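K.L.:
Quick one, what's the 3D model for this:
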Amino acid sequence: MISRFFGFNFDFAGAITASLCAVHCTVFPILLSLGFTSTSTHNHTFDFTMMSLGVLIAGYSLVRDYMKTHKNPQPLFLALAGFVILFIGIETHGELFLLNIIGGLMIVGSHLLNWRLSHSKSLVKS
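P.N.:
Below you'll find the predicted structure:
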């Protein structure tokens, strides 16, 4: 109902948010290694804000589609694992930035899988 009212696709929004997170977590270490920024300029408030936004979007989208459409827990498990890995990566303060990228890509994958399961031809009602 909400997605129809606002014309908003929550899987798309979740995939975009997680993609932006993965790009941010890729670019910052590169800028750091090239000397364009320092660790003191990196604010973890942004990281946790993006992660919180991602949890809210994923929670709404993935749980709603699980309950109402496909009953497949794989997108939920993939997102949960992605958020755990992302959190660990954030807590290492950039030392294990690869975890942030992997976590972000897992969350993107969970939304793409959820979208595919939700729009499967076998689930379309006549």
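
K.L.:
Tell me if I'm right that residue 66 and residue 72 touch.
P.N.:
Yes - in terms of CB atoms under 8 Å, residue 66 counts as a neighbour of residue 72; the distance is 7.0 Å. In this view, the C-beta of every residue, glycine as well, is placed from N, C-alpha and C.

K.L.:
if you count what's nearby, which of those two comes out ahead?
P.N.:
Taking neighbours as other CB atoms under 10 Å, residue 66 and residue 72 compare with residue 66 leading, 18 against 15.

K.L.:
any idea which element the nearest residue to that one once chain neighbours are set aside lies in?
P.N.:
Distance criterion CB to CB, 6 or more residues apart in numbering; nearest residue to residue 66, sequence neighbours excluded, is residue 76 at 5.9 Å. Per DSSP states H and E: residue 76 is located in helix 74-91.

K.L.:
name the helices or strands packed onto that helix?
P.N.:
helix 10-33, helix 44-65, helix 97-118 (3 or more CB pairs under 8 Å, 6 or more residues apart in numbering; DSSP states H and E).

K.L.:
Most tightly packed of those helices?
P.N.:
Sort the helices and strands packed on helix 74-91 by mean neighbour count, taking mean count of other CB atoms under 10 Å, and helix 97-118 sits at the top with a mean of 21.

K.L.:
List the contacts of that one.
P.N.:
Contacts of helix 97-118 from elsewhere in the structure, counted by CB atoms under 8 Å, 6 or more residues apart in numbering, are 9, 11-12, 14-15, 18-19, 21-22, 25-26, 28-29, 54, 58, 61-62, 65-66, 69-70, 72, 74-76, 78-79, 81-90, 92, 123.

K.L.:
7 Å instead?
P.N.:
11, 14-15, 18-19, 21-22, 25-26, 29, 54, 58, 61-62, 65, 69-70, 72, 74-75, 78-79, 81-83, 85-86, 88-90 (CB atoms under 7 Å, 6 or more residues apart in numbering).
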